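Trainee: mind folding the following:
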Amino acid sequence: MSDDVALSGVPLTMLWTLHNRGSEVKRADAVLTDPDCERLYDTIAFDYERSFGPPDGTHAVRSARFDEALRPWLADHPGGTVVELAAGLETQFQRCDDGAVHWLCVDVPEAIEIRSRFLPPSPRCRYLPISALDLTWLDHVDPTHGVFVTAQGLFMYFEPDDVRRLVAAILERFPGVELMFDTIPPWFSRKTMRGFHKTPDYLAPPMPWGVERSKVAALVRSWSPAVEEVTVSSYGPSHGPLATTLSLFAALPILRDIPPAIVRVRSR
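Mentor: Down below sits the predicted model:
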């Protein structure tokens, strides 16, 4: 099996997030424990720093926050189904598998091909090679024991109307579903639309959908009458000044909309 990869566009961002997570889990003070992520990071032949620059741990923080929400849900829903949209090389199944969960990874064909090489599917962790916007993936979900849908690093790459349609479809198809996703602020969305060079060798894909943290809850509620509850919280780097001052950003209205956010929605 070759340990190099050939990706471009949005699918290449799976290596951007792997860079931040893989570097973090190697630290003695890591916010995330993930031996499978470390294995992937060491195995895949790619010049991460040339493309993405020094790691900042942001994506490790995001993964840890998603884990913190999912584990209690799994305990309350034995044999439930988790749908991971834009799974990429995320290793949340490996971190959170309780021996009973049924997992469905949805991603575009080129991403699923890479994932299958390094993280082969299994009877309880199935792969579906289609875009999250292809709503036929909904037909592959067994809602008998509950459904939890995650979307890490995905919605910002969609047009706002596509995000609305997708979220409404999920909430209305599965009563009681929990949906968790992250958002970027409008200032960063505008930066990517103008052309954001993360490094001289990497132009980040455009991210058309940005939303202020203070407006997320009302916006999501406007999308569907099925919304029961919405919670929103900010997140940032794992270490350094920005990590230690994040609570200040959350406390002050003038700063609240600057960092990215994590959103959790439950339907009726």
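Trainee: for the stretch 1-150 of the chain, just list every one of the helices.
Mentor: 13-25, 35-43, 48-52, 58-76, 92-96, 109-118 (DSSP state H, counting those that start in this stretch).
Trainee: as a markdown table, these with mean neighbour count, distance to Leu171 and mean pLDDT would be great.
Mentor: Yep, even glycine has a C-beta here, placed from its N, CA and C like the rest. Listed next are these as a markdown table, based on neighbours: other Cβ atoms under 10 Å; distance: least, Cβ to Cβ, whole Å; pLDDT from 0 to 100:
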| stretch | mean neighbour count | distance to Leu171 | mean pLDDT |
| --- | --- | --- | --- |
| helix 13-25 | 24 | 26 | 97 |
| helix 35-43 | 17 | 30 | 97 |
| helix 48-52 | 17 | 34 | 96 |
| helix 58-76 | 18 | 16 | 98 |
| helix 92-96 | 18 | 21 | 98 |
| helix 109-118 | 18 | 25 | 96 |
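Trainee: possible to save those as CSV with distance to Ala226?
Mentor: Below are these laid out as CSV (distance: least, Cβ to Cβ, whole Å):
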stretch, distance to Ala226
helix 13-25, 30
helix 35-43, 34
helix 48-52, 38
helix 58-76, 18
helix 92-96, 25
helix 109-118, 29
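Trainee: for Met193, which non-adjacent residue is spatially closest?
Mentor: Leaving aside its sequence neighbours, Met193 sits nearest to Pro206 (Cβ to Cβ, 6 or more residues apart in numbering; 5.3 Å).
Trainee: roughly how far does that neighbour sit from Thr183?
Mentor: 16 Å (Cβ to Cβ, to the nearest Å).
Trainee: so between the two, which is more surrounded?
Mentor: Set Pro206 next to Thr183 and count neighbours by other Cβ atoms under 10 Å: Thr183 wins out with 23 against 15.
Trainee: any idea what the more buried one is bridged to?
Mentor: Ala261 (DSSP bridges).
Trainee: is it true that it touches Val216?
Mentor: Yes. Under the criterion of Cβ atoms under 8 Å, Thr183 makes contact with Val216 at 6.2 Å.
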